[in-house]
Structure formats: structure tokens, C-alpha cells
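Asks: Take a look and give me a structure for this.
(chains A and B)
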Amino acid sequence: MSEFENRIDAQRAILKIVNDVPGQQEALFGLSRKAIDRWITSNSIDPTGRLAELVVSAGKELFFLANKSQEQVTDEYRIRSSRVSEITALLGDEVKRSFAEPR
Amino acid sequence: MHIYAFGSVVRGDVTASSDIDLLAVTDGHDSRFDPAQYSIYSYERLAEMWLQGTPFAWHLAQESRLLFAGNGVDYLGALGKPAPYMRALEDCQKFAALFAKAKASLIEGTSSSTFELSNIFLAVRNFATCYSLGVERKADFSRNSAMRLGLNSLRMNSDAYRVIERARMLSTRGVGKDVNEAEECFVKAQLQSIDDWMENLMDLVKKNERVREQN
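Replies: I've put the predicted structure just below:
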């Protein structure tokens, strides 16, 4: 699978975790900073909280990987790829907790 | 360090929904450039892309304008013309696969339907660009490249096309009215037209490859 497909799949997995949680005013449409900001506002999410922080971090890592998509695999690339997997794992619990609590 | 503008602002077809695309060419990390605002590449990587004849190299070669040169020399201009683009088949297959996956996800009933509609727009646009660069040798890098291929343009209901275009805006720039269920259903009913279009153009890409191999 190409790096491009991997990045789309990683984004799809993160969005699924977030969007599968019911009761949101508006889904997260993508992991660009502007799409994330819209989701934060629409759902009255604390922009300084853990949930927003994780989603923003995921977006940043994927953005880095996209800009470096043609680069040879470097240590930094590998580190950031595994960081996306870590964030994805952390997000599952965080998103359930955040939407279960009154905001 | 060099800074270029590229894309719609250079083509002259800027609209209210256009982004201003900026490229920064740097030696290593440069904290002055926010990756959200700039595409950031090293000199070495761009030179390599020129040698590989990638779509991005052709995009920059055709549609970039120097804004700043630390050394007074137009770096991209000095690279000349990129090598011929040879990966049309591979790239078109990649975007056809992106379309197929997004379509499957929509049909399964994803909770991220706007994202998948956005992926469909991305697949259609990039497929058209790679086809135009690989087969017609006059690349179209515009947002609506799929609609600008003459007889080979995408024949999709224009309302459905506008929905996937809006989904792309929502996914990348976070602006616009969310896609509702009726619109999503309407687009889903039109997806066969994209399948047919990609299949026809893929045949032309393969034919082009065969001719190239024979020569």
C-alpha cells in the first residue's frame, strides 16, 4: 500500500473513532486545522482539552507526513507515523469520555 | 530560501473559494514557515522530483511564480523542464482505488460521509490531472480538471458534482454547508458515472502506455 493510501486510511480510522460517537452536532469532516476548528466550535469542545489536543496532534502529524510523502523513509518519518498510531489508540477512550461528560 | 506562489493565483482563476498556494524551498527546518500555510520542500527533494517528472514538478513548472529568492536566482526556473511524466497508469490506478474505497465506505453507511465525498472529489480531480498530463500532455491542474477534458470530461450530474466539491471544501477548509442525507443519497446514485468515466480513461492510459513501450 502506498504512503498516500496509508495516510488516507489513518485519517479514515481517526474520523471513524470520533464520528461514531453519537450526539454530536456536526461530524469531523477532515483533519485539516480548519476542519478541526469547525468541529470544536460546532460541538462546544474545549479547545484546550485533551480531546482537541489529540485530534489537532493527529492532524499535524498527518500533515507533516503528507508534505514529506515523497521523502525517503527517515527516522523522523517513522517516528511520526508511529505517533499517528499512538494518537489513534488514545483517541478511542478520550472521545467516549468527553462526549459522555457534560461539556 | 525561496518562496513561490503556485496554482490558481498564478493561473488567474482565483475565486472566493480558492486557496492561495505557497511553496517554501528551504535548507532543512525553517521555523518561519507554518506548514498549514506553505508547502515546504528542500532543494534536493524538488530537484529529485524534477528528475522523476512527478505531477507536482510539472504543476510547479507550469504554474508557479517566484516571490522571493534569497540568492536572487529563480531556483525552479533554473531547473528547466521536468522529465517526462511516466507514471500515469500507476497514479490513475491509485486514485481509482481511492474512489473505490470511498464509494464502498459510503455504501456501507459510514459516519464520516462528508470525508468520503471529499475523497471522491480528490480522486476525480487527481485522476483527471494525471490522465491529462500522461496522455494528453497538456496537464490541467485546476480544481475542475475532470470537467475540462473535452470529450473525455466526467459526465456527472452537475448538482452531484457540486456536492462532492462542497464536501472537499468542508474537509480541507472547514467552510460551507454540511452535506445532508438527501444530497448524500443523490450523489451515491450518481457514482456509477464516475466508475464508467474512470474505466474509459484508464483504457486510454493503458493504450498510451502500450504505444510508449513500442516506441
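
Asks: Show me what from chain A comes close to chain B.
Replies: Applying C-beta under 8 Å from any C-beta of the partner chain, one finds that chain A approaches chain B through A:2, A:4-5, A:8, A:11-12, A:15-16, A:19-20, A:26-30, A:32-39, A:60, A:63-64, A:67, A:70-71. In this view, the C-beta of every residue, glycine as well, is placed from N, C-alpha and C.

Asks: What is the host helix or strand of B:Leu106 packed up against?
Replies: Per DSSP states H and E, B:Leu106 falls inside helix B:88-108. Identification of packing neighbours for helix B:88-108 by 3 or more C-beta pairs under 8 Å, 6 or more residues apart in numbering or on different chains; DSSP states H and E yields helix A:3-19, helix B:113-131, helix B:181-188, helix B:191-214.

Asks: and the residues of chain A next to chain B, which are buried?
Replies: Taking 16 or more other C-beta atoms under 10 Å in any protein chain shown as the criterion, what is buried in the residues of chain A next to chain B is A:4, A:8, A:11-12, A:15-16, A:19, A:27-30, A:32-36, A:38-39, A:60, A:63-64, A:70-71.

Asks: now the angle between helix A:3-19 and the lengthiest helix in chain A, please.
Replies: For chain A, the longest helix by residue count, based on DSSP state H, is helix A:75-100. Angle of helix A:75-100 versus helix A:3-19, following axes from the mean of the first three to the mean of the last three C-alpha atoms, to 10 degrees, is 20 degrees.

Asks: buried ones in helix A:75-100?
Replies: In terms of neighbour count (16+ other C-beta under 10 Å), helix A:75-100 has its buried residues at A:77, A:80-81, A:83-84, A:87-88, A:90-91, A:94-95, A:98-99.

Asks: I figured B:Thr114 hits B:Leu170, correct?
Replies: Yes. The pair formed by B:Thr114 and B:Leu170 meets the contact definition of C-beta atoms under 8 Å, at 5.4 Å.

Asks: These two: which has the busier surroundings?
Replies: Ranked by neighbour count (other C-beta atoms under 10 Å in any protein chain shown), B:Thr114 and B:Leu170 place B:Thr114 first, with 29 against 25.
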